[in-house]
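[1] output the structure for:
(2 chains)
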Amino acid sequence: MSDHLLSLRRVSCNYGAVQALNDVHLKVDAGEIVTLIGANGAGKSTTLKAIVGLLRPEAGEILFEGNSLLRIPTHKIAAMGIALVPEGRAVFANLSVLENLEMGGYLRNTAEIRQGLEYVFALFPRLQERIKQVAGTLSGGEQQMLAIGRALMAKPRLLLLDEPSLGIAPLLVKSIYEAIDAINREGVTILVVEQNAHLALKHSHRAYVLETGRVVMEGSSRELENDPRVKEAYLGEV
Amino acid sequence: MSLKRWLYIPVILIVLGLLQWACSALLLDGPIRQGPYYYQILILAGINIILAVSLNLTNGVAGQFSIGHAGFFAVGAYVAACISVYGGPGIHSLLGFMPGDAQGAALLVLAMIGGVLAAALAGLVVGIPSLRLRGDYLAIVTLGFGEIIRVLILNIEAVGGARGFIGIPKLSNFFWVFGGVVAAILIIRNLTRSGYGRALLSIREDEIAAQAMGIPVTRYKVMAFVISAAFAGMAGALFGHFTMYLHTNSFTFVKSFEIIIMIALGGLGSLSGAVLGAIVITVLPELFREFSEYRMVIYSLALILIMIFRPQGLLGNASLLGRKRGGK
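    Residues are numbered from 1 along each chain as shown, chains lettered A, B, ... in the order given. You can find the predicted model right below:
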């Protein structure tokens, strides 16, 4: 048994005949922000899908607090304390901001939902301003805030974020990453998948670099930021 | 649940009873020349409302596209008719101590329970394998199911086969049909407004996100589908005991599409839209009856025009019976 919060051991996943993950090792300790960086199609989102059970690995083991997640349906994995913010935000477009957040607290009781709303509104005051607005009419950045807030309503111990900067105005990206840091300071462990390597390395403790389904590098984010290979391939510096 | 809420039930029953009395006095034995014709349209509208409101739970609220509602309607109709035709004499002799009307009512209730349970069971059998999957599978499976049921019935001699099922006692009337309408509307409205209903809405909006929040997506979809099938079964039981004759021609996929048109017309996801759509689709072809052969042309034209100018449905997102509810 490991004492990591989350660990993936030799995980391989296929989409039909295409191998998406190949022998992936990964661990996340309680309290960390860990980031997965890599190009399109490297297997970053696939890793998150495998963790929450939306995709079943062909081989390997995924452990959360020492328990295997491999045979557990997605909605029960959520109940174990893992919340996912899906790629492209996936807010409930026809429901209001408040209803979205309330649905995020689906597994929580009324008092916990009230506390959760207070916490989310303190983190993202903009959501409170738009509480009655239908989620589909929010800007991209606001939708991302809503998606993160919705995930936080479940009071997760591990928060998985899939490309939180995707398609969002640069100014809002900054405030979203600041919020991610703030969430982490409250004790929530975070695993974030990101194409924007520069940003991801700046806002994380450790990082993994994925290339065509394999982990090709890992280490502390500071180290990787200064690694010449990472600089060349992902940070656009020579 | 306060006592006050339950007081609505006797009030509704008394109102329905009075309306039933008014119907027979005015339309059936009364001064209006075409009374029985109007009465029939009224009853058919009621049955269509039950069908539309129930399909709206699956297609509109939960966002799962079912195109075999007529199949569940048929299961309910035929099972209920079997109960009253084959079980009728036995039940009548068992209830010999009751007055005749009460015996009829008891028989109808039993037949309806049978029809509802059979349709719900059919919904469970169809729903469990097909709702586990995302996408168009449900549409394909339900379309197939509707046709299988129809062909199956066509070949069962005990229910008349291709000749049709005759000899069904006329037990349903305005009171029972609109009692069913009220029950369907109230139950489905309360379900939609509950936490369960909101979970269904979130499944419609984004299944993966709903799952990631801890909503047991498959179970909820199956529950919605079974409830929807059960009400279609109830509509079937009421239909058979009104027309006194059942033929598989009433249960083709054309009927399934008619119900889909009703909910699309009213505004997918809107309960009052489903009610309005059902009424429009029942009444519209009758209004154009005087144009004889051009009737269906005008009817189709009316539908096309509505879809062009109100693509979101007549009521769109609005709901007359509750607060604004998101419709797609």
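[2] once you drop chain neighbours, what's closest to B:Val177?
    The spatial neighbour of B:Val177 that comes closest, neighbours along the chain excluded (Cβ to Cβ, 6 or more residues apart in numbering or on different chains), is B:Gly46 at 4.0 Å. The way it works is simple: take the backbone N, C-alpha and C, and place the C-beta from them, glycine included.
[3] just A:His203 next, same as before
    Computed as Cβ to Cβ, 6+ apart, the closest residue to A:His203 that is not its neighbour in sequence is A:Tyr177, at 4.7 Å.
[4] for the longest helix seen in chain A, name the packing helices and strands.
    In chain A, taking DSSP state H as the definition, the longest helix is helix A:170-185. Here helix A:170-185 touches strand A:33-38, helix A:110-123, helix A:140-152, strand A:189-194, helix A:197-202, going by 3 or more Cβ pairs under 8 Å, 6 or more residues apart in numbering or on different chains; DSSP states H and E.
[5] B:Leu42 sits in which helix or strand?
    Under DSSP states H and E, the secondary-structure element containing B:Leu42 is helix B:35-56.
[6] quick check: buried residues in that helix?
    Across helix B:35-56, burial judged by 16 or more other Cβ atoms under 10 Å in any protein chain shown covers B:35, B:38-39, B:41-56.
[7] ok, stretch A:200-219 next?
    Neighbour-count burial for stretch A:200-219 flags A:200-201, A:203-210, A:213-215, A:217-218 (criterion: 16+ other Cβ under 10 Å).
[8] to A:Glu58, which of the helices and strands packed on helix A:170-185 lies closest?
    Comparing these by their distance to A:Glu58 (Cβ to Cβ), the top pick is strand A:33-38, with 19.6 Å.
[9] which strands or helices does whichever helix or strand comes after that closest one pack on?
    Following the chain from strand A:33-38 toward its C-terminal end, the next helix or strand by DSSP H and E is helix A:44-52. Counting contacts by 3+ Cβ pairs under 8 Å, 6+ apart, helix A:44-52 is packed against strand A:6-15, strand A:18-28, strand A:33-38, strand A:59-64, helix A:74-79, strand A:82-85, strand A:158-162, strand A:189-194.
[10] burial-wise, tell me which of the ones you listed comes out on top.
    For these, the stretch with the most neighbours on average is strand A:82-85, a mean of 27; neighbours defined as mean count of other Cβ atoms under 10 Å in any protein chain shown.
[11] next structured bit after that one?
    Of the helices and strands lying after strand A:82-85 in sequence (DSSP H and E), the nearest is helix A:97-104.
[12] what helices or strands is that next one leaning on?
    Other helices and strands packing on helix A:97-104, by 3+ Cβ pairs under 8 Å, 6+ apart, are helix A:110-123, helix A:140-152, helix B:195-205.
[13] now the second one against helix A:97-104, angle please.
    For helix A:140-152 against helix A:97-104, the angle by axes from the mean of the first three to the mean of the last three Cα atoms, to 10 degrees is 30 degrees.
[14] cool, the shortest one as well?
    Here the directions of helix B:195-205 and helix A:97-104 differ by 100 degrees (the same axes, to 10 degrees).
[15] check which helices and strands whichever helix or strand comes after helix B:195-205 sits against.
    Following helix B:195-205 in sequence order, the next helix or strand is helix B:207-212 (DSSP H and E). Counting contacts by 3+ Cβ pairs under 8 Å, 6+ apart, the secondary-structure elements packed against helix B:207-212 are helix A:74-79, strand A:82-85, helix A:140-152, helix B:195-205, helix B:217-243.
[16] name the residues that touch the fourth one?
    Counting contacts by Cβ atoms under 8 Å, 6 or more residues apart in numbering or on different chains, the residues outside helix B:195-205 that touch it are A:91-95, A:99, A:102-103, A:106, B:57, B:61-64, B:191-192, B:209-210, B:213, B:215, B:217, B:220-221, B:223-224, B:269, B:326, B:328.
[17] so what's the gap between it and the chain middle?
    The gap between the average C-alpha position of helix B:195-205 and the chain average comes to 22 Å, counting by Cα atoms, centre = their mean, to the nearest Å.
[18] just the buried residues of that helix, please?
    Going by neighbour count (16+ other Cβ under 10 Å), the buried part of helix B:195-205 is B:197-205.
[19] residues making contact with the helix or strand harbouring B:Leu7?
    Assessed by DSSP H and E, B:Leu7 sits inside helix B:3-23. Applying Cβ under 8 Å, 6+ apart, the external contacts of helix B:3-23 come out as B:39, B:42, B:173-175, B:178-179, B:182.
[20] returning to that earlier point: which residues touch the residue nearest to A:His203?
    Residues counted as contacts of A:Tyr177 (Cβ under 8 Å, 6+ apart) are A:164-165, A:199, A:202-203.
[21] for the residue positioned nearest the centre of chain A, list each beta-bridge partner.
    With distances taken as Cα atoms, centre = their mean, the residue of chain A nearest its centroid is A:Leu161 (1.7 Å). When bridges are assigned using DSSP bridges, the partners listed for A:Leu161 are A:Val85, A:Val192.
[22] I'd say it and A:Val193 touch.
    Yes - under the criterion of Cβ atoms under 8 Å, A:Leu161 is in contact with A:Val193, at a separation of 6.8 Å.
[23] could you chop chain A up by domain?
    Domain segmentation of chain A under automatic domain parsing yields A:1-81+A:157-167+A:189-238, A:88-155.
[24] for B:Gly313, helix, strand, or coil?
    Classification of B:Gly313 into helix, strand or coil gives coil, according to DSSP: H, G, I helix; E, B strand; the rest coil.
[25] once you drop chain neighbours, what's closest to whichever residue of the stretch 1-150 of chain B sits closest to chain A?
    At 10.1 Å from chain A, B:Gly63 is the closest residue in the stretch 1-150 of chain B, using Cβ to the nearest Cβ. Nearest-residue entry for B:Gly63: B:Arg204, 2.8 Å, with adjacent residues in sequence omitted and distances by Cβ to Cβ, 6+ apart.
[26] brilliant, that's me finished.
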